[in-house]
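>>> build the 3D model from these lines:
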Amino acid sequence: MKVNINEMFKDWNETLIWSCLQGVMGEIHTNLTEDAAMAILGDFAFYTGTPSEELIRFKPESCKQDFIIMVPQNDNWAELIENYYGDKAKKVTRYAIKKEPDIFDVVELERAVSNLPDGYELKMIEEAEYNMCRNNGWANDLVSQYKDYDAYKKLGLGAVALKDGELVAGASSYSTYNEGIEIEIDTREDHRRKGLAYACGAKLILECLKKGLYPSWDAQNKWSVALAEKLGYHFSHEYTAYEITGY
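Next up, the predicted model:
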């Protein structure tokens with residue numbers, strides 16, 4: 001009997017997995033016995049089913065980087081990852097944010113956009129801004145999962161802050177699924193603590209709401225949680241992931 005991938009991932013509330021299941025972005029792989037599966041998109045891989053060493057050491061041809069963030073379904077998967085990768089696996093805590101479509105305060109978000117500091121301007125990501133992101137290492141993840149601007153124009157959505165024509169902050173879709181996007185947000189180090197990420201995030205959320213898309217948020221650290229909460233989101237729970245170097 002053919003494995004039911006959707007059933008295996010049914011308890012995961014992760015848009016990156018949904019992107020893979022929907023065939024929008026990313027890939028799904030199973031082991032030979034088809035009792036385990038992995039969903040991989042960009043720097044993230046999620047593992048479900050019966051823990052399988054075959055899957056945690058499998059690297060798809062499309063995965064060119066040597067770094068991956070592995071998210072285990074349970075402690076058994078976590079133990080397998082730790083045992084197999086050893087010192088290459090850095091155990092980290094990430095922070096899930098609730099997915100609540102109707103919690104955003106549009107007036108407050110519009111105020112955040114209008115309160116952009118003097119000397120900065122907000123622009124939606126079009127071809128010139130896409131290329132700026134591509135050509136700035138710190139901003140590459142804002143668009144990196146879209147192979148070219150045509151792909152981004154079709155699937156992606158984002159806003160950037162510019163200072164004297166230079167890219168200094170942005171909020172964009174890290175990935176896309178049928179009903180929305182997963183947000184990636186960053187600010188160039190020398191322009192942090194000015195409210196730029198807040199303004200860019202607010203602008204992106206407003207654009208998503210206009211288009212009937214859900215702007216999903218997953219936090220790498222507590223600073224990201226605090227920014228999400230400032231924008232109207234609510235914290236859900238902590239979860240364990242492994243940053244693998246030398247994948």
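>>> what is the mean pLDDT for the one helix or strand V71 maps to?
Taking DSSP states H and E as the criterion, V71 maps to strand 67-72. Summarised as a single mean, pLDDT over strand 67-72 is 98.
>>> partners of that strand in the sheet?
Each strand paired with strand 67-72, and its direction, by DSSP bridges: strand 44-49 (parallel), strand 235-245 (antiparallel).
>>> let me see the mean pLDDT of the shortest one.
Pointing back at strand 44-49 there. Throughout strand 44-49, pLDDT has a mean value of 97.
>>> what sits up against it?
With Cβ atoms under 8 Å, 6 or more residues apart in numbering as the test, strand 44-49 has contacts from 8-9, 12, 14, 16-17, 35-40, 55-56, 68-73, 77, 81. No exception for glycine: its C-beta is placed from N, CA and C like everyone else's.
>>> filter these to the buried ones?
Applying 16 or more other Cβ atoms under 10 Å to the contacts of strand 44-49, the neighbour count classes 8-9, 12, 14, 16-17, 36-40, 55-56, 68-73, 77, 81 as buried.
>>> you'd agree A39 is up against I17?
Yes. Using Cβ atoms under 8 Å, A39 is in contact with I17, at 4.5 Å.
>>> can you list residues touching both of these two?
9, 46.
>>> and the following helix or strand past the strand holding V71, what does it pack onto?
Per DSSP H and E, the first helix or strand lying C-terminal to strand 67-72 is helix 75-85. Packing partners of helix 75-85 (3 or more Cβ pairs under 8 Å, 6 or more residues apart in numbering; DSSP states H and E): helix 53-56, strand 67-72, strand 89-97, strand 235-245.
>>> got the ones you listed as CSV, with distance to H191 columns?
Output for these, formatted as CSV (distance: least, Cβ to Cβ, whole Å):
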stretch, distance to H191
helix 53-56, 38
strand 67-72, 26
strand 89-97, 24
strand 235-245, 26
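>>> of all the ones you listed, which one comes closest to R193?
strand 89-97 (20.5 Å; Cβ to Cβ).
>>> how about the closest one: buried residues?
Going by 16+ other Cβ under 10 Å, strand 89-97 has these buried residues: 89, 94-97.
>>> again with stretch 76-85
Buried-residue list, stretch 76-85, by 16+ other Cβ under 10 Å: 77-78, 80-81, 85.
>>> again, but for stretch 177-184
For stretch 177-184, by 16+ other Cβ under 10 Å, it's 177, 180-184.
>>> for it, list the C-alpha coordinates in CSV.
This file holds the C-alpha atoms of stretch 177-184, laid out as CSV (Å, rounded to 0.1, in the frame of the first residue of the first chain):
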residue,chain,number,x,y,z
TYR,A,177,2.3,27.9,0.1
ASN,A,178,-1.2,28.1,-1.4
GLU,A,179,-2.7,30.1,1.4
GLY,A,180,0.1,32.4,2.4
ILE,A,181,3.8,32.9,3.0
GLU,A,182,6.5,32.2,5.7
ILE,A,183,8.1,35.5,6.7
GLU,A,184,11.9,36.1,6.6
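>>> I appreciate the help and will end here.
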